[in-house]
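1. Below are the sequence and a predicted model for it; my questions follow.
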Amino acid sequence: MEPEQPSTDTEHESLHEETHLPPPTLWPIGFAIGIVVILVGLIINPLLISTIGAVIAIVFAVLWARDATAELRGESLVVEPERREMTEAGEGMTAPPADQQGVALVQVPETAVTRSVFLEGATLGLGAAIGGLITLPVAGFMVLPSFVGQEQHKVDLGPIERFPLGKWFIATFIVDPTQGEVSRRTAFIRNNGNTANPENPSEQVPSFTIISNRCAHLGCPVQANGPIGQKYTGVPSFKEHTLTGPAEFKSVTPAGYGCPCHGGQYDPEGNRIAGPPVRALDRYAFEINHGRLILLSTYSVSHVEGTGAQAKIYKYKEVGPGEHVDGPEQVFYPINPPHH
Amino acid sequence: MATTYRRKPTKAEIRRQRMEELVTYPLDWLEERSGLIGGVRYFLFRNVPADINWMQTLGSAALTAFLVQAITGVILAMYYVPSAATDPHTGNPVAWESIVHITDDLTLGWLVRGMHRWGASVFIILMFLHMGRVFLFGAYKYPRELNWIVGVLILVMGMMEGFTGYLLPWDQTAYWATVVGINLNGTAPFLGPWLAQFLRGGQEIGGETLTRFYSLHMLVIPGAIIGLITLHLYLVIRLGVTSPPWSKEAAGMEPEEEEPARLRPGLTRPVPRPSGASAMQAEPGGQE
Ligand code: FES
């Protein structure tokens, strides 16, 4: 069983006549790697990494050129023909066709990974890896900014002396000056006077009721049901240009709040009394800073017992409109998106 | 194109032949390199049941409505500015002002915006009529179930176009309709609040919601619709058109006597094609 000898002269001749193919070589791969290293180095560290890349590229380019010109220079390349040892035909093997008996054929057991299967897998695997590398950051950019880095905006509503005791105001204010008019929000504010600090009962702190006008059904703006303005309430309305932008306060005597969209109704404390809303109106947390009323973020409320400074508020983390915070339906909203 | 003449052709005949070659040569050229002419022929001149009726044009009507939306939309995008910022001179939002500008100032802007605005409803209505036709004709049955599903996806995408497009005028109606729409999504169990926050681009509706809806409205969803329509048409061509339920032919009865062809082949009727010959050789008038 003589293995094929590719270096016999006659065979060479006939090969030349058909097509002139350069001998197989691996050097271009190394050359390509060198080029990549140069390019990466140009970004990271032109001096060191690009130099290394240049060395790699040059070495492989020389080797490649040597291979490619071997024939011209008269060096005959001896390429080992690819072959595997003939083994006894066993189970799962195919016998070579009769006319090729005696030639060292590749005997492939059915379970072996053939070259084409390997290449197929490698193409798919590499494709998936490249696709993933490109897709993941892009998908992350699409989705993540909506959820991370949500800032809390503090809104200054001016000195607390401007709010007479026990009187309601419809306050409109800009939450985020960079967003402008679109971040204008409305809240209903009442000064409840001083009350004992729950953490330190001997101390008296100011108490405010600040109800958000976002309907707890689907987020429409609820309106105060009641007369607006000094003529009816006896309390002057006022405007203020505070540290965070313009704010307007209209005096009102609400008998409750009503939603224009689907008719949800609330009492003056924000409890739902009719219609599709699923809980009470949200409220704003606040702080008093140097005698000024500062709005913080909102929180959700299932319901309120009592009124004014003595009210017992069932507080929950801020959730979207239409989400139940208590009752059996709350199991449908186990994890909420991060909130400032 | 080898043409044999029994007698010497007259000048007029030669001129005529030259003119024909002027048309057939580029078509031939294209066909030889792409097969596109044959493909288009295959698409346009396929066989349909003899007793189809006008109801079966509702799908093409919906397709035309979509094309009108696509074209007018591209043109509107040349003038519309998706910005929630406030114009310092007028105090109005830039997006809203750009729409006022399209409607009131630009030549024929009112018409193109009107076509896009009313065409949106036409598209949805035609899709529903088409769906009704398919349902009543039983054309959703085996083997066309998959095409029904694809059609439903197109309908859903069309509605999403309506939802995202509604915000773009950036007026009170647009704003509050979108507030309610997004919060409606937000009440879906488990993932609803996340979906709502994704659509808003944050916790509150603002400039980012507008740009996001604009991108969805003019790039993402139309792309999806185009892909789905392609699939829909492919399935129509592959599976063929259904006969109406009252079809005698489909019920296995003898088809009515065919009327003799009055029109010459090629315009509305398939060209009889010699087997093995390329499409162009059968071009009427191309041979003696
Ligand atoms: S949004 Fe208020 S009742 Fe529906």
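-> Perfect, I can see it now.

2. Spell out which parts of chain B neighbour chain A.
-> Within chain B, the positions lying close to chain A (Cβ under 8 Å from any Cβ of the partner chain) are B:84-86, B:93, B:176, B:179-180, B:182-184, B:186-187, B:189-190, B:192-194, B:196-198, B:200-207. No exception for glycine: its C-beta is placed from N, CA and C like everyone else's.

3. Inside helices: which ones of the residues you listed?
-> Counting by DSSP state H, these place B:176, B:179-180, B:182-184, B:186, B:192-194, B:196-198, B:200, B:207 in helices.

4. farthest pair in the residues you listed?
-> B:Gly192 and B:Gly207 (23.5 Å; Cβ to Cβ).

5. Check which residues of the longest helix anywhere in chain B are buried.
-> Scanning chain B for the longest helix, with DSSP H as the assignment, gives helix B:109-136. By 16 or more other Cβ atoms under 10 Å in any protein chain shown, the buried positions in helix B:109-136 come out as B:109, B:112-113, B:115-116, B:119-120, B:122-124, B:126-127, B:130-131, B:133-134.

6. now do stretch B:229-238
-> Applying 16+ other Cβ under 10 Å to stretch B:229-238 flags B:Ile229, B:Leu231, B:His232, B:Leu233, B:Leu235, B:Val236 as buried.

7. still on that earlier bit, just give me the closest of the ones in helices among the residues of chain B next to chain A to the ligand.
-> B:Val180 (6.1 Å; Cβ to the nearest ligand atom).

8. For the residue lying closest to that closest one once chain neighbours are set aside, identify the helix or strand it belongs to.
-> In space, and not counting its chain neighbours, B:Val180 is closest to A:Leu218: 4.5 Å by Cβ to Cβ, 6 or more residues apart in numbering or on different chains. For A:Leu218, there is no enclosing helix or strand under DSSP states H and E.

9. where do the strands sit along chain A?
-> Assigned by DSSP state E, the strands in chain A fall at A:155-159, A:168-174, A:184-197, A:200-212, A:223-224, A:238-242, A:245-252, A:257-258, A:265-266, A:272-274, A:283-289, A:292-305, A:312-316.

10. Just want to check the distance between the one residue sitting closest to the centre of chain A and B:Gln197.
-> In chain A, the C-alpha nearest the mean C-alpha coordinate belongs to A:Leu144, at 1.6 Å (Cα atoms, centre = their mean). Noted for A:Leu144: a distance of 11 Å to B:Gln197, by Cβ to Cβ, to the nearest Å.

11. Equivalent analysis for A:Lys312, please.
-> 30 Å.

12. before we move on, back to that, number of nearby residues for the residue nearest to B:Val180?
-> Number of residues near A:Leu218 (other Cβ atoms under 10 Å in any protein chain shown) recorded here: 24.

13. Same check on B:Phe198?
-> Counted with other Cβ under 10 Å, residues neighbouring B:Phe198 total 20.

14. ok, it - contacts?
-> Contact analysis of B:Phe198 by Cβ atoms under 8 Å, 6 or more residues apart in numbering or on different chains lists A:Val143, A:Ser146, A:Phe147.

15. mind redoing it with 6 Å?
-> Listed by Cβ atoms under 6 Å, 6 or more residues apart in numbering or on different chains, the contact partners of B:Phe198 are A:Ser146.

16. outside of stretch B:100-116, which residues touch it?
-> So stretch B:100-116 is contacted by B:Thr72, B:Gly73, B:Ile75, B:Leu76, B:Tyr79 (Cβ under 6 Å, 6+ apart).

17. pLDDT at residue 286, what is it?
-> Looking at chain A here, since you left the chain open. You'll see A:Phe286 listed with a pLDDT of 94.

18. Switch to chain B, please.
-> Among the per-residue scores, B:Gly286 shows a pLDDT of 41.

19. Could you double-check that B:Thr242 sits in contact with B:Lys141?
-> No - B:Thr242 is beyond contact range of B:Lys141, at 8.5 Å (criterion: Cβ atoms under 6 Å).

20. who's more crowded, these two?
-> Neighbours were counted for B:Thr242 and for B:Lys141 using other Cβ under 10 Å; B:Thr242 has more, 20 against 11.

21. list the contacts for the more buried one?
-> Shown in contact with B:Thr242 (Cβ under 6 Å, 6+ apart): B:Phe137, B:Ala139.

22. any idea what it is structurally, helix, strand or coil?
-> With DSSP: H, G, I helix; E, B strand; the rest coil as the basis, B:Thr242 sits in coil.

23. Now it. Its backbone dihedrals?
-> Main-chain dihedrals, B:Thr242, degrees, to the nearest 10: phi -80, psi 150.

24. Next, name the residue at the spatial heart of chain B.
-> Mean-position check on chain B, Cα atoms, centre = their mean. Result B:Leu63 at 3.3 Å.

25. mind listing the helices for chain B?
-> Counting by DSSP H, chain B has helices at residues B:11-34, B:36-44, B:58-77, B:94-104, B:109-136, B:145-167, B:172-186, B:192-200, B:207-215, B:221-239.

26. and the ones you listed as CSV, adding mean pLDDT and distance to the ligand?
-> Putting those into CSV (pLDDT from 0 to 100; distance: least, Cβ to the nearest ligand atom, whole Å) gives the following:
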stretch, mean pLDDT, distance to the ligand
helix B:11-34, 92, 56
helix B:36-44, 91, 49
helix B:58-77, 97, 30
helix B:94-104, 96, 23
helix B:109-136, 97, 24
helix B:145-167, 97, 17
helix B:172-186, 94, 6
helix B:192-200, 93, 14
helix B:207-215, 94, 18
helix B:221-239, 96, 26
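
27. Out of these, the one nearest A:Gly291 is which?
-> Checking those against A:Gly291 by Cβ to Cβ gives helix B:207-215 as the closest, at 34.1 Å.

28. Can I get that closest one in PDB? Just the C-alpha atoms.
-> C-alpha atoms of helix B:207-215 as PDB (Å, rounded to 0.1, in the frame of the first residue of the first chain):
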ATOM      1  CA  GLY B 207     -39.200  64.200  26.200                       C
ATOM      2  CA  GLU B 208     -37.700  60.700  26.200                       C
ATOM      3  CA  THR B 209     -41.100  59.100  25.800                       C
ATOM      4  CA  LEU B 210     -41.700  61.200  22.700                       C
ATOM      5  CA  THR B 211     -38.500  60.300  21.000                       C
ATOM      6  CA  ARG B 212     -38.900  56.700  21.900                       C
ATOM      7  CA  PHE B 213     -42.400  56.600  20.500                       C
ATOM      8  CA  TYR B 214     -41.200  58.400  17.400                       C
ATOM      9  CA  SER B 215     -38.500  55.700  16.800                       C
END
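
29. Buried residues of it, list them for me.
-> B:Gly207, B:Glu208, B:Thr209, B:Leu210, B:Arg212, B:Phe213, B:Tyr214.

30. can you count the residues close to residue 140?
-> Reading this off chain A. A:Gly140, neighbours per other Cβ under 10 Å, totals 10.

31. oops, chain B please
-> 17.

32. The one 3 residues further on too?
-> Here the number of neighbours of B:Pro143 (other Cβ under 10 Å) works out to 10.

33. show me the contacts for it.
-> By Cβ under 6 Å, 6+ apart, the residues touching B:Pro143 are B:Leu239.

34. what do you get for B:Pro193?
-> A:Gly320, A:Asn336, A:Pro337, B:Gly186.

35. Spatially, what comes nearest to the last one if we skip its sequence neighbours?
-> Same thing as B:Gly186. Leaving aside its sequence neighbours, B:Gly186 sits nearest to B:Ala196 (Cβ to Cβ, 6+ apart; 3.2 Å).
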